[in-house]
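Using only what follows, build the 3D model:
(2 chains)
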Amino acid sequence: MIEGGIIIGVILFLIGGIGFFVRKNFIILLMCIEIMLAGANLVMVSFSKSLMSFEGDITVLFVIAVAAAEVGVGLAIAVHMRRSRDSLDADKMRRLGE
Amino acid sequence: MVEKIIFFIAGIVAVISSIMVVLNRKVVYSAYSLLLLMISQSIMFFSLRSTYLGVVQLLVYAGGVIVLFVLVISLMGSGEEGFPSFRWWNIITPILLIVFLISLIYSIFDTLKFEEGRIIQASADRLGYGVVLRNALAFEAVTLLLISALVGAIVFGRKKDD
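Got it, this is the predicted structure:
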């Protein structure tokens, strides 16, 4: 089960990374970051189970909190982009400050 | 044994739903696939005996983050997007990523041997002791980060003239 957790976590990270490089919609990019964080969380929990400790679980707790904060700020930026230039294309995103 | 079967079924569901997040054309469907991914990952946490993490995953992701995604998408429209144009860096970077991660996973399983021993349970009281006694500074830093993220979201989200 531990090996399976590591392999599934790496596959999730891979899918998230490929999606981050291929897609262009800003909200999809945020979702791909979430997938990568989910894969990393799964690998960390599996390693902490194999070491018979729970330090990895504590780290995953902090990662979940940071990811929630990141999604809040990212979606606020998406709303700002949509309002100021009426597009969510990440390729056209050059100057956030205007 | 039953735990292992449930774990692998949830893993397969997680992989398929994450592929659906990347491949869907409509952003709302991607958000619902992400919801499925988070639920199946919480099932994986439960079957790895990290019960508190499973509960937190369900509460924070399925209850907070995905609802926020769906709310923002349905509030302002998804932003239409055709299928991505395949330029050269769109092909080179996934291939590089695949090669790096396959070599990483090979080196992990080449050097480490995992023994299926007793899986200890990371319950809420153990995690609470660990957080408060040994990681108190990181805990306070997370609270500061959440406050500053709140301020940042308010500043980005308001209109220009008010």
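
May I ask which helix or strand encompasses B:V155?
Per DSSP states H and E, B:V155 falls inside helix B:136-157.

Show the low-confidence segments of the chain, by residue range.
This is for chain A. A:86, A:91-98 (pLDDT under 70).

try chain B instead
Applying pLDDT under 70 to chain B flags the ranges B:78-86, B:116-117, B:160-162.

do the longest helix along it and chain A meet?
Across chain B, the helix with the greatest residue count (assigned by DSSP state H) is helix B:88-111. Yes - judged by CB under 8 Å from any CB of the partner chain, helix B:88-111 and chain A are in contact via B:89-90, B:93-94, B:97-98, B:101, B:104-105, B:108-109. C-beta coordinates here come from the backbone N, C-alpha and C atoms, glycine included.

Tell me which residue is most central in chain B.
B:M38 (6.5 Å; CA atoms, centre = their mean).

thinking again about what came up before, just checking, what packs against the longest helix of chain B?
Counting by 3 or more CB pairs under 8 Å, 6 or more residues apart in numbering or on different chains; DSSP states H and E, the packing neighbours recorded for helix B:88-111 are helix A:2-22.

Tell me the buried residues in the lengthiest helix in chain A?
Under DSSP H, the helix in chain A containing the largest number of residues is helix A:55-85. Across helix A:55-85, burial judged by 16 or more other CB atoms under 10 Å in any protein chain shown covers A:56-62, A:64-65, A:67-82.

ok, the residue nearest to A:I15 when sequence neighbours are not counted - contacts?
In space, and not counting its chain neighbours, A:I15 is closest to B:S18: 4.7 Å by CB to CB, 6 or more residues apart in numbering or on different chains. Residues near B:S18 by CB atoms under 8 Å, 6 or more residues apart in numbering or on different chains: A:12, A:15-16, A:35, A:38, B:33, B:37.

can you do 6 Å?
Counting by CB atoms under 6 Å, 6 or more residues apart in numbering or on different chains, B:S18 touches A:12, A:15, A:35, B:37.

Residues contacting the host helix or strand of the last one, please?
B:L37 belongs to helix B:27-47 when assigned by DSSP H and E. Residues outside helix B:27-47 that contact it (CB under 6 Å, 6+ apart): A:27-28, A:31, A:38, B:3, B:6-7, B:10, B:13-14, B:17-18, B:20-21, B:24, B:53-54, B:57-58, B:61-62, B:66, B:69-70, B:73, B:78.

got the buried residues for the helix holding B:V155?
B:142, B:145, B:149, B:153, B:156-157.

now, which of the buried residues of helix A:55-85 lie close to chain B?
Among the buried residues of helix A:55-85, the ones lying near chain B by CB under 6 Å from any CB of the partner chain are A:57-58, A:60, A:62, A:64-65, A:68-69, A:71-73, A:75-77, A:79-80, A:82.

picking that back up, please flag which of the contacts of helix B:27-47 sit within helices.
A:27-28, A:31, A:38, B:3, B:6-7, B:10, B:13-14, B:17-18, B:20-21, B:53-54, B:57, B:66, B:69-70, B:73.

and the helix holding B:V155, what does it pack onto?
Contacts defined by 3 or more CB pairs under 6 Å, 6 or more residues apart in numbering or on different chains; DSSP states H and E place helix B:136-157 against helix A:55-85.

Ignoring the adjacent residues along the chain, who's closest to A:L14?
B:L101 (5.3 Å).

wait, doesn't the one you found sit right on A:G9?
No - look at B:L101 against A:G9 with CB atoms under 6 Å: they stay out of range, at 10.3 Å.

In terms of packing, which of these two has more residues around it?
A:G9 (26 against 16; other CB atoms under 10 Å in any protein chain shown).

list the contacts for the more buried one?
Residues near A:G9 by CB under 6 Å, 6+ apart: A:39, A:42-43.
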